[in-house]
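[1] just a sequence and a predicted model for now, questions to come.
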Amino acid sequence: MTASQAITVNHRTYRWPDRALVVVCVDGCEPDYINQAVAVGRAPFLASLAQRGTCLTADCVVPSFTNPNNLSIVTGAPPSVHGICGNFFWDPEVEAEVMMNDAKYLRAGTILAALADAGAKVAVVTAKDKLRALLGHRLKGICFSSEKADQATMEGNGIADALALTGMSVPSVYSATLSEFVFAAGLALLRRDRPDVMYLSTTDYVQHKAAPGTPAANDFIAMLDRYLGEMDALGATVVLTADHGMNAKTDALGRPSIVFLQERLDAWVGAGTARVIRPITDPYVVHHGALGSYATVYVNQPGQVDDAMKRIAALPGIEAVHTRAQGCARFELPPDRVGDIIVVSERLSVIGTSRDRHDLSGLDAPLRSHGGLSEQRVPLIANRPAGELPLRRWRNFDAFDLALNHLQ
Ligand SMILES: [Zn+2]
């Protein structure tokens, strides 16, 4: 493979990396997290990019959740192409809610796997193990999670000493350290193995608890700024984006603002007639109580869809209600994996099922979450200047396109 060659993945063409490339997905990184840390001098590396780098604001995929967006970034395509439109979906074949973190649900190849197949040295480090199988699908290279770094093997993860890379111990799944481990491992790999391409993906534990500009949030950005600054000093191209933003989902007194949609539907159309699926649901719910700003509804009786939509649209806290066809067209989603109705709540509200089905006892800070249109803006930042950029709506899944096709 020579520098003049290019690869094509999901109908998009990417130039071969001319130097080590690190694409970082900072989970839940509302642009204001960076802005606030820069403003108080906590992120000198990122601040320096105003002069010598590229800074765009991009749109993530709605539902603004972790898995759909991570998969969009590594495939360069929306969920209508790669198929992953939530952490959970209703599988009509087995009539059950199933996790979508198995690679069998992935319908497209990744840029990472294609680069590796063409001879590039590729490494992926993700905070939570739930993303590892999807990100590493058919990837000939390194792919492991901080969460299970101690269990990484050469056969399963392409690396035998993942834990020894950093000298850190395996962090708690509910900690900022789980994300720091990702950067520390990435930096160690860059120094030791010099991969051609790395993809680093963190977790939003801090962002779910701490608003932009707060001490914990600034500490987090300062931490990643140090690591990215070191990668920059090693000569790597660094591109930072996010899977989604993050907002307070509370009233003025800090109480969670929840639309209990299943409860309402049961009252309108009768219990057992409509089913609310919240694709944010995952095994790690302590920090958000499985409450996000997006849900999809299956209605048993097709004749009731219109009426249910009108009633949902009239509820306080609801921003958008679409039929499957409208919603899939607007948000580029796979129609066979969403319900009859797509519901998005407003910036300050989340969608729940019923009062008795949400355990909020684990919330030790006012609810912050994501999932809606209000969390769609994310940073897309690079440490090199771009030429004349096309005037277009930039997406977070243009990260590899920006990195490989546009940076100078
Ligand atoms: Zn996320």
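    That came through fine.
[2] burial of the closest residue to Arg191 other than its chain neighbours, as a residue count?
    The shortest distance from Arg191 to any residue other than its chain neighbours is 6.8 Å, reached at Leu234 (C-beta to C-beta, 6 or more residues apart in numbering). Glycine gets a C-beta too; all of them are placed from N, C-alpha and C. Leu234 sits with 15 neighbouring residues when counted by other C-beta atoms under 10 Å.
[3] return the residues in contact with the closest residue in space to Asp364 that isn't next to it in sequence.
    With C-beta to C-beta, 6+ apart as the measure, Lys209 is the residue that lies nearest to Asp364, at 7.8 Å, once sequence neighbours are left out. The contact partners of Lys209, by C-beta atoms under 8 Å, 6 or more residues apart in numbering, come to Ala216, His287, Asp364, Ala365, Arg368.
[4] show me the contacts for the one residue in the stretch 51-200 of the chain that gets nearest to the ion.
    Across the stretch 51-200 of the chain, no residue is closer to the ion than Thr66, which sits at 3.2 Å (C-beta to the ion). The contact partners of Thr66, by C-beta under 8 Å, 6+ apart, come to Asp27, Asn87, Leu131, Asp204, Asp243, His244.
[5] after the helix or strand hosting Ile7, heading C-terminal, what element do we hit next?
    Secondary-structure element containing Ile7, defined by DSSP states H and E: strand 6-9. The element immediately downstream of strand 6-9 (helix or strand, assigned by DSSP H and E) is strand 12-15.
[6] strand partners (parallel or antiparallel) of the following helix or strand past that following strand?
    Towards the C-terminus, the helix or strand next in line after strand 12-15, according to DSSP H and E, is strand 21-25. Its sheet considered, strand 21-25 pairs with strand 197-201 (parallel), strand 237-241 (parallel) by DSSP bridges.
[7] check which residues of stretch 206-219 are buried.
    Under the neighbour-count criterion of 16 or more other C-beta atoms under 10 Å, stretch 206-219 has Val206, Gln207, His208, Lys209, Ala210, Ala211, Pro212, Gly213, Ala217, Asn218 buried.
[8] smallest distance to the ion belongs to which residue of the stretch 301-408 of the chain?
    The nearest approach of the stretch 301-408 of the chain to the ion comes at His370, 6.8 Å away (C-beta to the ion).
[9] I'd assumed Ala248 was in contact with that residue.
    No - with the criterion set as C-beta atoms under 8 Å, His370 and Ala248 do not qualify as a contacting pair; they are 10.9 Å apart.
[10] returning to that earlier point: show the pLDDT at the residue nearest to Asp364.
    What the model reports for Lys209 is a pLDDT of 93.
[11] which bits of the protein sit near the ion?
    Residues of the chain found near the ion, taking C-beta under 5 Å from the ion as the criterion, are Asp27, Thr66, Asp204, Asp243.
[12] in helices, which of these appear?
    Judged by DSSP state H, the subset of these located in helices is Thr66.
[13] switch the residues of the chain next to the ion over to JSON lines; also include pLDDT and distance to Ala329.
    Below are those laid out as JSON lines (pLDDT from 0 to 100; distance: C-beta to C-beta, whole Å):
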{"residue": "Asp27", "pLDDT": "97", "distance to Ala329": "27"}
{"residue": "Thr66", "pLDDT": "94", "distance to Ala329": "23"}
{"residue": "Asp204", "pLDDT": "94", "distance to Ala329": "28"}
{"residue": "Asp243", "pLDDT": "98", "distance to Ala329": "22"}
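[14] and the strand holding Ile7, how far out from the chain middle?
    A distance of 23 Å separates the centroid of the chain from that of strand 6-9, by C-alpha atoms, centre = their mean, to the nearest Å.
[15] each with direction, which strands does it pair with?
    Under the criterion DSSP bridges, strand 6-9 sits next to strand 12-15 (antiparallel) in its sheet.
[16] where does pLDDT dip in this protein?
    1-4, 281-289, 359, 362 (pLDDT under 70).
[17] report the distance from the biggest helix by length in it to the chain centre.
    Among the elements of type helix in the chain, defined by DSSP H, the one spanning the most residues is helix 215-233. A distance of 19 Å separates the centroid of the chain from that of helix 215-233, by C-alpha atoms, centre = their mean.
[18] what's the answer for stretch 251-259, then?
    Offset of stretch 251-259 from its chain centre (C-alpha atoms, centre = their mean): 24 Å.
[19] contacts for the longest helix of the chain?
    Helix 215-233 is contacted from outside by 22, 24, 26, 33-34, 36-37, 40, 42-46, 176, 179-180, 183-184, 186-187, 190, 202, 206-207, 209-211, 238, 240, 383, using C-beta under 8 Å, 6+ apart.
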